[in-house]
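# What follows is a predicted protein model with its sequence.
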Amino acid sequence: MRHYYLIVDTETTKKQTVADFGAVVMTKQGQIVEQCGAMVHGQFGTLPLFSDPSADPSAFWSEQSAQRRAKNYDNMLDSGLRSISSVGLINQWLAGVNARYNPALTAYNLVFDLGKCRNTRINLGIFNSRFCLMKAAKRQIGALAEYHEFCHTHGFLTAVRRNPSMTADTMAKFIYGLDLPDEPHTALEDARDYEAPILTKILESVTRKQLLELGR
């Protein structure tokens, strides 16, 4: 039996709803068989993108950056890299994916994305299996001596305790190398280009059953 995995990623509004929804369906070998990238109708362009009012203006999550990110999304819509979809259309796509592939659902911090999708009425409750990719990555990749050496060598360390960073960006750079651009924090690209390679790497050495346990 062939197994499939659905990786979901979201970028959010200040009201804790989904502005940008991204998802990919992949095989164990990392082949992307379907993908979805959509700005959510009634959320993007209506509610402000999430930002941290206390952040330095140069920081990615600052209010000034939110204006730049909104403009970038407008450009993506103009170029066809994004469409605007209703929640109903996104749910139809998810139902079709579930019927065609019966995938295990995951996200890099699953609890976060489940909550934001629930707030937006995006239905992720239809999937029979789920696991947290971040938990699995921390326990599988993050435990490797080579990963710790990589993080210490290149300064990918947490600010306070100086522990190895466990972000999707750092994990993907460990897999692909330092030439990989920084994670863009746009939903489809994060899921496809950063989180899917992490899942593929984990699946090289564990079974599906072991993966579900790692991500509990």
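Alright, I've got the coordinates.
# How about the longest helix along the chain, which residues are buried there?
Counting residues, the longest helix found in the chain (DSSP state H) is helix 63-79. Buried residues in helix 63-79, counted by 16 or more other CB atoms under 10 Å: Glu63, Ser65, Ala66, Arg69, Tyr73, Met76. For the C-beta atoms, the positions are set from N, CA and C on the backbone; glycine is no exception.
# Now the element after that helix, going C-ward?
strand 83-85 (DSSP states H and E).
# which ones are touching Arg82?
Shown in contact with Arg82 (CB atoms under 8 Å, 6 or more residues apart in numbering): Asp20, Gly37, Ala38, Met39, Tyr73, Met76, Leu188.
# my bad, Ala95
Per CB under 8 Å, 6+ apart, neighbours of Ala95: Asn123, Ile126.
# Number the residues from 826 up from this point.
Okay, residue one is now 826; in that scheme the one you just asked about reads as Ala920.
# Give me the pLDDT value at Arg827.
Looking at Arg827, its pLDDT reads 89.
# What ranges in the protein fall below the confidence cut-off?
Of all residues in the chain, none has pLDDT under 70.
# Tell me which of the contacts of Arg907 fall in strands.
The strands, defined by DSSP state E, take in Asp845, Gly862, Ala863, Met864 from the contacts of Arg907.
# between the contacts of Arg907, which is nearest Val912?
Checking the contacts of Arg907 against Val912 by CB to CB gives Ala863 as the nearest, at 9.9 Å.
# could you measure that closest one against Gln892, distance?
Separation of Ala863 from Gln892 (CB to CB, to the nearest Å) stands at 21 Å.
# repeat for His973
As for His973, its distance to Gln892 is 38 Å (criterion: CB to CB).
# And Gly913, by the same measure?
According to CB to CB, Gly913 and Gln892 sit 29 Å apart.
# Now do the SS call for the residue lying closest to Lys998 once chain neighbours are set aside.
The shortest distance from Lys998 to any non-neighbouring residue, by CB to CB, 6 or more residues apart in numbering, is to Leu1005 (5.2 Å). At Leu1005 the chain is in coil, as set by DSSP: H, G, I helix; E, B strand; the rest coil.
# Measure how buried Leu1005 is and give me the count.
Neighbourhood size, Leu1005 [other CB atoms under 10 Å]: 15.
# Over to Val936?
11.
# if we can go back for a sec, and which of the contacts of Arg907 is nearest to Arg827?
Among these, and counting by CB to CB, the member closest to Arg827 is Leu1013, at 23.4 Å.
# right, and that closest one touches Glu859 too?
No. Using CB atoms under 8 Å as the test, Leu1013 is too far from Glu859 to be in contact (11.5 Å).
# what about the two, which has more around it?
Ranked by neighbour count (other CB under 10 Å), Leu1013 and Glu859 place Leu1013 first, with 22 against 16.
# Distance check, the more buried one against Gln1035.
Distance from Leu1013 to Gln1035, counting by CB to CB: 28 Å.
# residues contacting the closest residue to Leu874 other than its chain neighbours?
Nearest residue to Leu874 in three dimensions, chain neighbours excluded: Ala891, at 4.5 Å (CB to CB, 6+ apart). Ala891 sits next to Pro873, Leu874, Phe875, Ser876 when contact means CB under 8 Å, 6+ apart.
# quick revisit: give me the common contacts of Leu1013 and Glu859.
Common neighbours of Leu1013 and Glu859 (CB under 8 Å, 6+ apart) are Val849.
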